[in-house]
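Peer 1: Need a 3D model of the sequence below.
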Amino acid sequence: FCPESALFAAALALCATLFAAPRLWREQVTLMASVSPGAKLVRERLRALIDARSELGVLRGRLVVRDGAAVPIGTVGVIVPRVMIDARFAQALDDEALAGALHHEIEHVRGRDPLRYFAAWWALAVNPLGRFLLDTEFSRWLLAREIHCDREAVLGGAGGPALAHALVT
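Peer 2: Below is the predicted model:
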């Protein structure tokens, strides 16, 4: 047993944890649902949509509706992926387009994309040369992942024009 190597490993683990902790904390804060009347109406609408479409059942208990979210819709949560939806975005879409967007996010939940994105972000942030050498590849990978989720959403039951409407909105 070599105590120096154990202490070095513990120090590295502590540094990695302290480096990642602020981002994980911000993520938990963004997952707090809004309690406004508009957000409550959107939550009820989403519940009805999930009840009417069995393929959306994966999202039961995983939807967070927020007022003024940073992104209109997205999957957040490294440990337990959840779909965060901006209330105004949901109100701007009809049921078909909203279902298309939810189908897309189901693929992010199934693929545990927040964990993948977090691991890639952490690896690139820790290694300064990694960001310089791999930034364009990482951007291409993110785009490819989004395209894959769009394709799987259409194959999973989302209407192509409805999904395109949600993307444009």
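Peer 1: Tell me if A158 really is in a helix.
Peer 2: No - checked against DSSP: H, G, I helix; E, B strand; the rest coil, A158 lies outside a helix; its state is coil.
Peer 1: Measure how buried it is and give me the count.
Peer 2: Residues contacting A158 under the criterion other CB atoms under 10 Å number 26. No exception for glycine: its C-beta is placed from N, CA and C like everyone else's.
Peer 1: Report the contact partners of it.
Peer 2: Residues near A158 by CB atoms under 8 Å, 6 or more residues apart in numbering: A99, G100, H103, H104.
Peer 1: repeat that for 10 Å
Peer 2: Residues in contact with A158, defined by CB atoms under 10 Å, 6 or more residues apart in numbering, are 53, 55-56, 96-97, 99-104, 106-107, 150, 152, 166.
Peer 1: In helices, which of those residues appear?
Peer 2: In this view, the contacts of A158 that belong to helices under DSSP state H are 96-97, 99-104, 106-107, 150, 152, 166.
Peer 1: Output these in JSON lines; the columns should cover pLDDT and neighbour count.
Peer 2: Output for those, formatted as JSON lines (pLDDT from 0 to 100; neighbours: other CB atoms under 10 Å):
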{"residue": "E96", "pLDDT": "94", "neighbour count": "16"}
{"residue": "A97", "pLDDT": "94", "neighbour count": "22"}
{"residue": "A99", "pLDDT": "94", "neighbour count": "25"}
{"residue": "G100", "pLDDT": "94", "neighbour count": "26"}
{"residue": "A101", "pLDDT": "95", "neighbour count": "25"}
{"residue": "L102", "pLDDT": "95", "neighbour count": "27"}
{"residue": "H103", "pLDDT": "95", "neighbour count": "27"}
{"residue": "H104", "pLDDT": "95", "neighbour count": "24"}
{"residue": "I106", "pLDDT": "95", "neighbour count": "24"}
{"residue": "E107", "pLDDT": "95", "neighbour count": "22"}
{"residue": "D150", "pLDDT": "94", "neighbour count": "19"}
{"residue": "E152", "pLDDT": "94", "neighbour count": "17"}
{"residue": "A166", "pLDDT": "92", "neighbour count": "26"}
